[in-house]
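**Q** My questions are about this predicted structure, shown below with the sequence.
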Amino acid sequence: MHQETKTEALWRFGGYGFLVVAALFMLVPIYWIVVASTLPQSAILSSSGALPQLSPGGHFLENFQALQSRQYVNFLNSVWNSIFIAVVYTVLALFLCSMAGFAFAKYEFRFKEVIFTGILATLVIPINLLVIPLFLVMSTADMTNTYAAIILPWAAYPVGIFFMRQSMQAIPDALLESARMDGASEFQLYYRVALPSMKSSMAALAVILFLFQWNMFLWPLVVLGKDKFTIPVAITKIMGQQIIAFDQLMVASAIAILPMFVVFLALQKYFVRGILSGAVKE
């Protein structure tokens, strides 16, 4: 058995130390948001020169009530809009991306590589350039200020198609041929053979898709009305006043962070395993 040398032990200790410091740098701002959401405005904006308060206060409910009492935005409604849109989008995009990934990985058809390259090429197009044509399409279809206007344009997400294609290539062709000989249809090959072996990759992609939709700002701002604002748009309405209510802003930010933490923690082990499996190509 290999005996770890002092040099290797130092490198390992240094690597762990670096990861701990990096994690603290990322977690401290999040912790401050949560703490600030429980503090009054005066404590957040204190200019006495002392260190900011790092322990939670007791004003969270008051800050939340003040946030919810704003006339121009119903924050709880925005939370519901974001959750509904993100969940429906994730389920639909998982279905479409996995099906497209299966087709590109396991079928041969004319112009296959050209089509796949074209799909990936769309990633270099900034969303700012797509806003006006997309809005004209949605306006013509009378779909502005609807959930469908947010969900449908990004349902076949190119990153998701690429990721699932890479993962599906790990499925042995012999397994699919065996299922065909047993009388399985092509959809059954996808649904009953391919998907059960792709649970980790699907979970990893679900996290990516959920976060992508949850954090989307520009397109919802353009196409949605006040009654269907998502959380990112609602937060900008809080910041857009002449006097920014930082106590309410911190409450809104803390609530916006919570679902992302829940989704990631629930699928963490599958996310890491799926990312690694998606990076392997036969």
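**A** Structure received. Quick caveat: nothing in here was measured; it's all calculated off a predicted structure.

**Q** where in the stretch 101-250 of the chain is pLDDT low?
**A** Applying pLDDT under 70 to the stretch 101-250 of the chain flags the ranges 240-242.

**Q** Now do the helices in it.
**A** Secondary structure of the stretch 101-250 of the chain (DSSP state H, counting those that start in this stretch): helices at 112-121, 127-140, 147-151, 158-168, 173-181, 186-188, 199-214, 218-223, 231-239, 246-266.

**Q** Would you tell me which of those helices gets closest to Y72?
**A** Within these, the stretch nearest Y72 is helix 231-239; the backing value is 6.0 Å (CB to CB). From N, CA and C alone the C-beta is placed, and that goes for glycine too.

**Q** In that closest one, which residues are buried?
**A** Neighbour counts over helix 231-239 (16 or more other CB atoms under 10 Å) mark 231-235, 237-238 as buried.

**Q** For the residue nearest to the spatial centre of the chain, give me its contacts.
**A** Closest to where the C-alpha atoms of the chain average out (CA atoms, centre = their mean) is L211, at 1.0 Å. Applying CB atoms under 8 Å, 6 or more residues apart in numbering, we find L211 in contact with 260, 263.

**Q** Mind putting the helices of the stretch 101-250 of the chain into a markdown table with distance to S37?
**A** Converted to a markdown table, the helices of the stretch 101-250 of the chain look like this (distance: least, CB to CB, whole Å):
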| stretch | distance to S37 |
| --- | --- |
| helix 112-121 | 40 |
| helix 127-140 | 30 |
| helix 147-151 | 27 |
| helix 158-168 | 32 |
| helix 173-181 | 51 |
| helix 186-188 | 48 |
| helix 199-214 | 19 |
| helix 218-223 | 23 |
| helix 231-239 | 13 |
| helix 246-266 | 4 |
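
**Q** what about those helices, which gets the closest to W80?
**A** W80 lies closest to helix 231-239 among those, at 9.9 Å (CB to CB).

**Q** could you say what helices and strands that closest one packs with?
**A** Here helix 231-239 touches helix 75-106, helix 218-223, helix 246-266, going by 3 or more CB pairs under 8 Å, 6 or more residues apart in numbering; DSSP states H and E.

**Q** Check which residues of the first one are buried.
**A** Right, helix 75-106. By neighbour count on 16+ other CB under 10 Å, the buried set for helix 75-106 is 75, 78-79, 81-82, 85-86, 88-90, 92-94, 96-106.

**Q** now the last one
**A** The neighbour-count check on helix 246-266 (16+ other CB under 10 Å) flags 246-256, 259, 263 as buried.

**Q** Same check on the second one?
**A** For helix 218-223, burial by neighbour count (16+ other CB under 10 Å) applies to 219-220, 223.

**Q** export the residues you listed to TSV and tack on distance to K199?
**A** Shown next, in TSV, are these (distance: CB to CB, whole Å):
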residue	distance to K199
W219	30
P220	31
V223	34
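
**Q** tell me which of the residues you listed is nearest to T38?
**A** Nearest to T38 among the buried residues of helix 218-223, counting by CB to CB, is P220 at 28.4 Å.

**Q** closest to L61 out of the helices of the stretch 101-250 of the chain?
**A** helix 246-266 (9.5 Å).
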